[in-house]
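# How does the following fold in three dimensions:
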Amino acid sequence: MDHVFQALLIVSLTALGLLSAGHALINKRDPRSALGWIVTCLAVPLLGPFFYWVMGVNRIYSRARRWHRKGRPAPNHPPRQRIEISPPLPVELSYLNELRSLSDRVVSRDLRPANALFPLENGEEAYPSMLAAIEAATSSVHLSTYIFDGDDTGRRFVQALSLAADRGVEVRVIVDSLGEKYSRPTARELLKGTAVQFRRFLPLRPGGYLNLRNHRKILVVDGKVGFTGGMNIGGRHMITGRPPVVKDLHFRVTGPVVADLQRTFLDDWWFITGAQLPGQRYFPPLPPAGNALVRAVSDGPDKSFRKLNWIILGAVSCARKRVTIVTPYFIPDRPIISALITAALRGVEIVLVLPDVNNLPFVHWASRSYLWELLQYRVRVFAQPAPFVHTKFMVVDWSWSLIGSANLDPRSLRLNFEFGLEVYDLAFARVLEDRCAIALASSREITLAEVDGRSLPVKLRDGAAKLFSPYL
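Down below sits the predicted model:
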């Protein structure tokens with residue numbers, strides 16, 4: 001009897017391994033990823049298939065397709081009022097028309113004129129502006145964030161949101177269920193019993209979604225003013241506070257593009273709750289606010305295109321003089337590495353600004369293993385001193401900028417739901433470059449000799465971390 005049981009067990013494990021490997025072979029686009037999962041499923045019985053089905057399968061895309069087959073209605077937003085005559089780029093930016101055409105094809109949102117973006121540095125500038133907008137709200141407050149800490153800063157937001165709801169404002173909050181775990185008490189616990197409508201994005205559960213997280217940071221008040229960037233809600237972004245602290249940059253946004261921040265939030269709300277929120281009150285008229293041409297880029301693993309990845313590649317390929325990339329996490333894929341090296345060989349100055357001290361050691365080790373190849377081709381790499389710098393933006397030729405929640409790593413560009421704004425505006429690009437210049441003044445340049453001079457154990461450690469790059 002034992003022999004029969006053992007035989008059945010072996011047959012079952014073999015069948016499971018073959019089934020999982022076959023699924024990876026058919027569905028994985030990247031042959032290296034497919035090969036890795038196939039080997040794992042066949043070489044590690046039970047555990048290999050388990051990890052594949054938990055971490056390796058994009059169920060979001062599958063779920064979206066099932067909803068479409070069932071005929072589930074899309075969110076009933078007011079018509080988007082697509083721009084019939086697309087606003088032309090200014091003459092001095094006309095060489096970016098190819099990049100603009102790329103974005104037109106992969107992004108559903110229009111490039112909208114007459115917007116203004118104002119940078120807010122660290123929690124000392126961002127949080128008072130955000131809280132003031134919430135306190136002045138008369139109709140709706142929609143907040144989506146990856147992390148919402150339960151510390152003193154988080155409680156200030158809880159109080160402002162609760163008071164707004166008490167005076168009749170519709171207040172909705174989305175917090176990622178993994179990001180929620182960063183703090184105790186959680187925002188959900190602090191908001192319990194208030195009139196604030198709180199939802200978690202993809203609640204964690206056995207066999208749930210470990211990778212597909214909502215990393216967006218969006219606040220829209222009365223449909224008229226928006227905030228976005230890389231900053232979560234928490235005291236760690238108050239650099240005058242108690243260490244450890246995190247430096248970051250957020251943005252206040254006004255103008256027609258705010259409607260697309262609103263649509264992104266409402267799309268996520270529909271995704272979580274299935275509830276449509278019709279009503280023009282969420283989309284009031286938005287008068288011109290500035291001179292920036294801005295497009296909202298909502299990206300995620302449920303999309304047909306890797307939008308942010310393609311836009312970054314397109315921007316680097318269009319660059320003539322300089323590309324500035326500021327990011328806390330740098331784990332590029334081969335196309336991005338090739339694009340940066342190709343641009344450098346064309347004579348474009350590539351400036352990459354990273355934190356000298358990272359809050360995620362494994363990511364820091366993996367990042368260093370990529371620098372050797374870039375430094376060989378005169379890509380300039382700078383390390384910002386502590387405290388940890390979480391700021392992220394990209395600028396091309398002092399003309400075009402990309403801001404938002406996404407890092408330059410696989411988690412942001414493949415696994416997470418992200419939100420960004422691409423901006424065609426000379427003045428805004430100059431503001432970002434000026435901030436970069438201030439950062440570079442206190443940074444040290446990493447040289448090829450320094451990277452080559454790492455000890456053998458350190459090189460082995462960094463190389464081992466690089467093997468896990470797709471999941472860092």
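# Let's see the pLDDT reported for residue 32.
pLDDT for residue 32: 72.
# Check which helix or strand it maps to.
Using DSSP states H and E, residue 32 maps to helix 31-43.
# what packs against that helix?
Other helices and strands packing on helix 31-43, by 3 or more C-beta pairs under 8 Å, 6 or more residues apart in numbering; DSSP states H and E, are helix 2-27, helix 47-51. The C-beta positions use only the backbone N, C-alpha and C, and glycine is treated the same way.
# and the first one, how far out from the chain's middle?
The gap between the average C-alpha position of helix 2-27 and the chain average comes to 37 Å, counting by C-alpha atoms, centre = their mean, to the nearest Å.
# do the last one as well
With C-alpha atoms, centre = their mean as the basis, the distance from the averaged C-alpha position of helix 47-51 to the chain average is 28 Å.
# and if you look at stretch 413-428?
How far stretch 413-428 lies from its chain's middle: 9 Å, per C-alpha atoms, centre = their mean.
# Now it: average pLDDT?
Mean predicted confidence for stretch 413-428 is 94.
# how about residue 253, secondary structure?
Assigned with DSSP: H, G, I helix; E, B strand; the rest coil, residue 253 falls in the strand class.
# Is it correct that it is in contact with residue 116?
Yes - between residue 253 and residue 116 there is a contact under C-beta atoms under 8 Å: 7.4 Å.
# neighbour count winner among those two?
residue 253 (28 against 19; other C-beta atoms under 10 Å).
# Quick check: the gap between the closest residue to that one other than its chain neighbours and residue 449.
Closest residue to residue 253 apart from its sequence neighbours, by C-beta to C-beta, 6 or more residues apart in numbering: residue 226 at 4.2 Å. Separation of residue 226 from residue 449 (C-beta to C-beta, to the nearest Å) stands at 45 Å.
# more crowded one of the two?
Ranked by neighbour count (other C-beta under 10 Å), residue 226 and residue 449 place residue 226 first, with 28 against 8.
# Need the pLDDT of the more buried one.
98.
# mind checking the SS state of it?
Following three-state DSSP, residue 226 is assigned to strand.
# That one pairs with what?
Assessed by DSSP bridges, residue 226 has beta-bridge partners residue 220, residue 253.
# separation between it and residue 299?
17 Å.
# try residue 342
Plainly put, residue 342 is 24 Å away from residue 299 if you go by C-beta to C-beta.
# Which one's more surrounded, those two?
Higher neighbour count among residue 342 and residue 299: residue 299, with 28 against 13, using other C-beta under 10 Å.
# per-residue confidence at that one?
Predicted confidence (pLDDT) for residue 299: 89.
# Contacts only, for it.
Residues counted as contacts of residue 299 (C-beta atoms under 8 Å, 6 or more residues apart in numbering) are 306, 307, 308, 406, 413, 417, 418, 419, 420.
# The helix or strand where residue 450 lies: how far from the chain's middle?
Using DSSP H and E, residue 450 sits within helix 448-452. On the basis of C-alpha atoms, centre = their mean, helix 448-452 sits 30 Å off its chain's mean C-alpha point.
# Name the residues that touch it?
Outside helix 448-452, the residues touching it (C-beta under 8 Å, 6+ apart) are 368, 371, 372, 375, 376.
# So among these, which ones count as buried?
Neighbour counting with 16 or more other C-beta atoms under 10 Å marks 368, 371, 375 as buried within the contacts of helix 448-452.
# so what's the last one up against?
Okay, so that is residue 375. If you count contacts by C-beta under 8 Å, 6+ apart, residue 375 has them with 381, 446, 447, 448, 451.
# again, 7 Å this time
381, 448, 451 (C-beta atoms under 7 Å, 6 or more residues apart in numbering).
# can you tell me which residue is nearest the centre of the protein?
The residue lying closest to the centre of the chain (C-alpha atoms, centre = their mean) is residue 406, at 2.7 Å.
# sec struct for that one, please.
At residue 406 the chain is in coil, as set by three-state DSSP.
# close enough to count as contact, it and residue 422?
No - in this structure residue 406 lies outside contact range of residue 422 using C-beta atoms under 7 Å: 11.5 Å.
# domains in the chain, as residue ranges please.
As given by automatic domain parsing, the domain ranges for the chain are 2-57, 113-292, 307-471.
# Figure out which of those is closest to residue 89.
With C-beta to C-beta as the criterion, residue 89 lies closest to domain 307-471 of the domains of the chain, at 5.9 Å.
# For residue 171, pull up the helix or strand it's in.
If you go by DSSP H and E, residue 171 is part of strand 170-176.
# That strand packs against which elements?
strand 140-145, helix 152-166, strand 197-201, helix 258-273 (3 or more C-beta pairs under 7 Å, 6 or more residues apart in numbering; DSSP states H and E).
# Tell me what angle it forms with strand 140-145.
If you take axes from the mean of the first three to the mean of the last three C-alpha atoms, to 10 degrees, strand 170-176 sits at 10 degrees to strand 140-145.
# Report the angle between strand 170-176 and helix 152-166.
Using the same axes, to 10 degrees: strand 170-176 against helix 152-166 is 150 degrees.
# Now tell me what touches the very next helix or strand once past strand 170-176 from outside.
Scanning forward in sequence from strand 170-176 by DSSP H and E, the next helix or strand is helix 187-191. For helix 187-191, contacts defined as C-beta under 7 Å, 6+ apart pick out 148, 150, 154, 155, 158, 173, 175, 180, 198, 200.
# Check those for burial and list the buried ones.
148, 150, 154, 158, 173, 175, 180, 198, 200.
# coming back round to it: can you select the buried ones among the contacts of residue 375 for me in PyMOL?
Remark: buried members of the contacts of residue 375, expressed as a PyMOL selection using 16+ other C-beta under 10 Å:
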select buried, resi 381+451
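# Make TSV out of the contacts of residue 375 and add distance to residue 15 and pLDDT.
Converted to TSV, those look like this (distance: C-beta to C-beta, whole Å; pLDDT from 0 to 100):
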residue	distance to residue 15	pLDDT
381	49	97
448	51	95
451	47	93
